[in-house]
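[1] Provided below are the primary sequence and the corresponding predicted coordinates.
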Amino acid sequence: MRFVPLERARHLARTGVRALRRRLLRWTGPAASGSLILGAAADLVRSRSELVAENALLRQQLIVLARTAKRLRLTDADRPLLVLLASRVRAWRQALLIVQPETLLRWHREGFRLFWRWRSAPRRRPPGVASDTVALIERMARENRLWGAERIQGELAKLGIRASKRTVQKYLRRARPPRPSGQSWAAFLRNHASQTWACDFLQLTDLFFRPVFAFFVVELGSRRVVHVGVTRSPTGAWTAQQLREATPEGTGPRFLIHDHDAKYGPEFDRLAAASGIEVLRTPIRAPRANAVCERFLGSVRRECVDHLLILGERHLQRVLADYVAHFNGARPHQGIGQRTPASIAAATAQRGSDTVPTGRGRNKEVLAVPVLGGLHHEYRWAA
């Protein structure tokens, strides 16, 4: 406690020295009024280089003011020059007249960031994409107006051509203008057992404005469409018959997910219980609980029925059968690593991994097989 007065005296002395120094800088600064004699006397003890730098700083500010009519305008060359000159002047805050000191410090920080961003930028450019790959990306983009970058990336992976999503997007914009973004799903059900199925109804309208219903059963593990049915009057007995057709000879899942639609009558529940299937109903107003099936219904609309005129029940059955065959056998899926449901099913049956071609064939061209009258295409190497 006896050292407290000594520490207080040192603190008061330091405070007084700082206040005296600020007062002297204010008196001798170039912006002070009535300090011509004191400023000239202070300049006698300053070095020549400091005087030259302060003179250049003041002259540059005069040049900016001279070319400005009403509002102060600084060019891109004025800012780094003022920062450089102010760094050579000890009393630069007093010599700075046209901008605030905080503004000059902000310019210095921005220049520092730009400099180190330039120093840390990679000097080597990545290898370019082969011209035939670019041509193939543009061809897929022109022939399939509904495909996005990830879909084209999956088709290239099927052919053994590796390309990043950003590369595909780059050449996709050159082939066609960006399509308007529609409704997207933010999340999917990530992990599901292979013994879990989901089912749902899709209501459509034919050419004569009559309602028609499509019923789908999807396997969650491989995204494979197990069964599809079409009717105009979806009763409980008809829905139970669709479940019976989807599970021939007792081959069914362990769990079946569906919503609280009245089309699933008591007969449907009795048949599921007799087949050893546990029915899981999704919560009300929770579409993400059945996200895989909801996503598939959206794909059916966007990639199939929204671009066709449905004549009737039989026509819709044929169209959906063709689309399901393409969906299961040739369409790559983002949720399963750009693979097809058929390849996953074959790999599971063989207890191995599905094979993907590792390179393109020599002197072979890529053939395009139209699906649904050219609405989509399947690509493969020529034999």
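    Thanks, I have the structure now. Numbering: from 1, shown residues only.

[2] tell me which helix or strand G229 sits in.
    According to DSSP states H and E, G229 maps onto strand 225-231.

[3] give me the residues contacting the helix or strand following that strand.
    Later in the chain than strand 225-231, the nearest helix or strand by DSSP H and E is helix 236-246. Under the contact criterion C-beta atoms under 8 Å, 6 or more residues apart in numbering, helix 236-246 has outside partners 197, 199, 215, 217, 226-227, 229, 231, 252, 256, 263-268, 270-272, 275. From N, CA and C alone the C-beta is placed, and that goes for glycine too.

[4] which PyMOL command selects the buried ones in these?
    Under the burial definition 16 or more other C-beta atoms under 10 Å, those of the contacts of helix 236-246 that qualify are selected in PyMOL by:
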select buried, resi 197+199+215+217+226+227+229+231+252+256+263+264+267+268+271+272
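
[5] CA atoms only for the strand holding G229 - export them in PDB, please.
    Written as PDB, here are the backbone C-alpha positions of strand 225-231 (Å, rounded to 0.1, in the frame of the first residue of the first chain):
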ATOM      1  CA  VAL A 225     -40.200 -47.400 -57.800                       C
ATOM      2  CA  VAL A 226     -41.700 -50.800 -56.800                       C
ATOM      3  CA  HIS A 227     -45.200 -50.300 -58.200                       C
ATOM      4  CA  VAL A 228     -47.400 -47.800 -60.100                       C
ATOM      5  CA  GLY A 229     -51.100 -48.000 -60.500                       C
ATOM      6  CA  VAL A 230     -53.700 -45.700 -62.200                       C
ATOM      7  CA  THR A 231     -57.400 -45.300 -61.600                       C
END
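
[6] ok, it: who's next to it in the sheet?
    As defined by DSSP bridges, the strand partners of strand 225-231 come to strand 211-219 (antiparallel).

[7] where do the helices sit along the chain?
    Taking DSSP state H to define them, one finds helices in the chain at 4-28, 36-43, 48-67, 78-87, 92-95, 101-120, 131-143, 149-158, 165-175, 236-246, 266-274, 291-303, 313-329, 341-350.

[8] now the second one: average pLDDT?
    Across helix 36-43, pLDDT averages out at 60.

[9] how near is T247 to H227?
    9 Å (C-beta to C-beta, to the nearest Å).

[10] where in the stretch 151-300 of the chain is pLDDT low?
    Low-confidence segments of the stretch 151-300 of the chain (pLDDT under 70): 177-193.

[11] can you give the domain ranges for the chain?
    25-117, 130-182+361-383, 196-352 (automatic domain parsing).

[12] could you redo the ones you listed as JSON lines and give each row distance to P5?
    Output for the domains of the chain, formatted as JSON lines (distance: least, C-beta to C-beta, whole Å):
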{"stretch": "domain 25-117", "distance to P5": "31"}
{"stretch": "domain 130-182+361-383", "distance to P5": "69"}
{"stretch": "domain 196-352", "distance to P5": "72"}
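
[13] closest one to T15 among those domains?
    Among the domains of the chain, domain 25-117 comes nearest to T15, with 16.0 Å by C-beta to C-beta.

[14] what's the closest non-adjacent residue to L146?
    E303 (5.7 Å; C-beta to C-beta, 6 or more residues apart in numbering).

[15] count of residues packed around the one you found?
    Counted by other C-beta atoms under 10 Å, the residues lying close to E303 total 20.

[16] who's in contact with it?
    E303 is in contact with 146, 323, 375-376, counting by C-beta under 8 Å, 6+ apart.

[17] and if you look at L280?
    L280 sits in contact with 255-258, where contact means C-beta under 8 Å, 6+ apart.

[18] show me which of the residues you listed are buried.
    255-258.

[19] list just the nearest of the contacts of L280 to A163.
    I257 (35.5 Å).

[20] beta partners of the nearest residue to the closest one once chain neighbours are set aside?
    Excluding the flanking residues, the one nearest I257 by C-beta to C-beta, 6+ apart is A198, at 4.2 Å. Per DSSP bridges, the residues bridged to A198 are V218, I257.

[21] I'd like to know how far A198 sits from R285.
    17 Å.

[22] quick one: which of the two has more around it?
    Using other C-beta under 10 Å as the criterion, A198 and R285 rank with A198 on top: 27 against 7.

[23] the more buried one contacts C293, correct?
    Yes: using C-beta atoms under 8 Å, A198 is in contact with C293, at 4.0 Å.

[24] need the residues touching each of those two.
    Jointly contacting A198 and C293 under the rule C-beta under 8 Å, 6+ apart are 218, 257.

[25] who's in contact with A86?
    With C-beta under 8 Å, 6+ apart, A86 has these contacts: 57, 92, 95-96, 104.

[26] picking that back up, quick one, the strand holding G229 and helix 291-303 angle?
    If you take axes from the mean of the first three to the mean of the last three C-alpha atoms, to 10 degrees, strand 225-231 sits at 60 degrees to helix 291-303.

[27] good, wrapping up.
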